[in-house]
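J.: Got a sequence here, can you model it:
(chains A and B)
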Amino acid sequence: DGGITQSPKYLFRKEGQNVTLSCEQNLNHDAMYWYRQDPGQGLRLIYYSQIVNDFQKGDIAEGYSVSREKKESFPLTVTSAQKNPTAFYLCASSPQGLTDTQYFGPGTRLTVL
Amino acid sequence: AQSVTQLGSHVSVSEGALVLLRCNYSSSVPPYLFWYVQYPNQGLQLLLKYTSAATLVKGINGFEAEFKKSETSFHLTKPSAHMSDAAEYFCAVSESGGSYIPTFGRGTSLIVHP
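T.: Have a look, this model is predicted:
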């Protein structure tokens, strides 16, 4: 089955700790994205990548970092510099460019204790 | 710069009634427009997409949307609501003024009463 997987589904972190969220796709898509979703805020773009070894900041990149060493993988690290990290994080991919339909993973809910 | 406004954070309808979810965008050039649906604790999935081929776009599950340039709108409709349509709906825009970076609206929660 082709699709996007995110792990873990739920993640708990203590304040001051970095944590990495996994995102893997086997759709052979070029572009990948990370969004943050808060109640009533819609989706806000954190980072996106259109090609391996290249990525760009989105609207709310501060306190986050990413890497794109392989086409199928786009992990997101939430650092201790992110002041309010508790949220639902969604990873997505699209076949080629930014105007393509995006295919979303099931999400990771991060809670900072 | 592009932006998307979804009027009404919650819309409540009776089963069998017309569904109308509103989306207005601000763009000076023809945009790509999308409607996505999100069920609780899940990712989003595409309902339909406008790419300038036709102003009336048909999507999955009986939904459709009409692109109206003069009103800068892309409202989502369905003639008859089902209980299974209860979900969060997001409008999104991608256009050259925003470097084609997708921008999502804040979402509209559709509530369907029996």
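
J.: number of nearby residues for the closest residue to residue A:28 other than its chain neighbours?
T.: The shortest distance from residue A:28 to any non-neighbouring residue, by CB to CB, 6 or more residues apart in numbering or on different chains, is to residue A:71 (7.4 Å). C-beta here means a position set from N, CA and C on the backbone, and glycine is covered the same way. By other CB atoms under 10 Å in any protein chain shown, 18 other residues sit near residue A:71.

J.: Report pLDDT for residue A:71.
T.: The per-residue pLDDT reported for residue A:71 equals 97.

J.: Then the one 3 residues further on?
T.: Residue-level confidence at residue A:74 comes out at 98, pLDDT.

J.: Likewise for residue B:1?
T.: pLDDT for residue B:1: 62.

J.: before we move on, what about the one 4 residues further on?
T.: The predicted local distance difference test score for residue B:5 is 95.

J.: so what's the nearest residue to it once chain neighbours are set aside bridging to?
T.: Leaving out its chain neighbours, the residue that sits closest to residue B:5 by CB to CB, 6+ apart is residue B:24, at 4.8 Å. Beta-bridge pairing for residue B:24 (DSSP bridges): residue B:5, residue B:73.

J.: and the closest residue to residue B:86 other than its chain neighbours, what element?
T.: Leaving aside its sequence neighbours, residue B:86 sits nearest to residue B:112 (CB to CB, 6+ apart; 4.7 Å). Residue B:112 is part of strand B:108-113, with elements assigned from DSSP states H and E.

J.: From the chain's centroid, how far away is that strand?
T.: 14 Å (CA atoms, centre = their mean, to the nearest Å).

J.: Sheet partners, orientation included, of it?
T.: Paired strands of strand B:108-113, with direction, are strand B:10-14 (parallel), strand B:87-94 (antiparallel) (DSSP bridges).

J.: Regarding the residue in chain B that chain A sits nearest to, what are the backbone dihedral angles?
T.: Per CB to the nearest CB, residue B:43 is where chain B lies closest to chain A, at 3.2 Å. When read as degrees, to the nearest 10, the backbone of residue B:43 gives phi -80, psi -180.
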